[in-house]
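Chemist: let me see the structure of the following:
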Amino acid sequence: MARALSVDLRRRVVSAIASGLSCRAAAERFGVSASSAIRWRALDRREGDIAPRRQGGDRTSRRIEAHAERILSALVEKSDITLAELRDRLKEHGVSVGIGTLWRFFKRRNITRKKRRRMPQSNVAAR
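Modeler: Take a look at the predicted model:
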């Protein structure tokens, strides 16, 4: 992942824009993209701070973690519930999540969702 550009550079671009340069001209002068200059100017206007935010990391698991008890109780009720069925059950309670989100939820808890064979393999297949 690329690193954020320095706060010093951001300040110079934003101050050049404040002194009358257009966003695109300031971006060209300092060798950054026009979209970055536009975003930094908007960020300065909106929040008064142009420091970069943290990059990466998990930003959405807390949404599903709030419903952990409901998910785990549904798993206890029906041990072979599919992720799609679980997603539909959550949707009935107003929680909209994707299958991948549920998969990662179970992975964090080391709960596997693989189906197990109900019967052992026949001896004929082993030959």
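
Chemist: alpha carbons only: can I get the one helix or strand Ala25 maps to in PDB?
Modeler: Using DSSP states H and E, the element containing Ala25 is helix 23-30. Output in PDB follows, covering the C-alpha atoms of helix 23-30 (Å, rounded to 0.1, in the frame of the first residue of the first chain):
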ATOM      1  CA  CYS A  23      -6.300  23.400  -7.600                       C
ATOM      2  CA  ARG A  24      -4.900  22.100 -10.800                       C
ATOM      3  CA  ALA A  25      -2.200  24.700 -11.100                       C
ATOM      4  CA  ALA A  26      -1.100  24.100  -7.500                       C
ATOM      5  CA  ALA A  27      -1.100  20.400  -8.100                       C
ATOM      6  CA  GLU A  28       1.100  20.700 -11.200                       C
ATOM      7  CA  ARG A  29       3.500  23.100  -9.400                       C
ATOM      8  CA  PHE A  30       4.100  20.600  -6.500                       C
END
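
Chemist: pull the residues that contact whichever helix or strand comes after that helix.
Modeler: If you walk from helix 23-30 toward the C-terminus, the next helix or strand you reach (DSSP H and E) is helix 34-47. Outside helix 34-47, the residues that touch it by C-beta atoms under 8 Å, 6 or more residues apart in numbering are 5, 10, 13-14, 17, 23-24, 26-28, 30, 49-50. Every C-beta, even on glycine, is put in place using the N, C-alpha and C of the backbone.

Chemist: from those residues, pick the one nearest Lys107.
Modeler: Leu5 (34.2 Å; C-beta to C-beta).

Chemist: leaving out chain neighbours, which residue sits closest to the closest one?
Modeler: Val32 (6.6 Å; C-beta to C-beta, 6 or more residues apart in numbering).

Chemist: residues in contact with the one you found?
Modeler: Val32 neighbours (C-beta under 8 Å, 6+ apart): 5, 9, 13.

Chemist: quick check on these: which are buried?
Modeler: 9, 13 (16 or more other C-beta atoms under 10 Å).

Chemist: I'd like the contacts of Val32 written out as a markdown table, with secondary structure and distance to Leu102 added.
Modeler: Shown next, in a markdown table, are those (DSSP: H, G, I helix; E, B strand; the rest coil; distance: C-beta to C-beta, whole Å):
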| residue | secondary structure | distance to Leu102 |
| --- | --- | --- |
| Leu5 | coil | 37 |
| Leu9 | helix | 41 |
| Val13 | helix | 42 |
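
Chemist: thanks a lot, see you next time.
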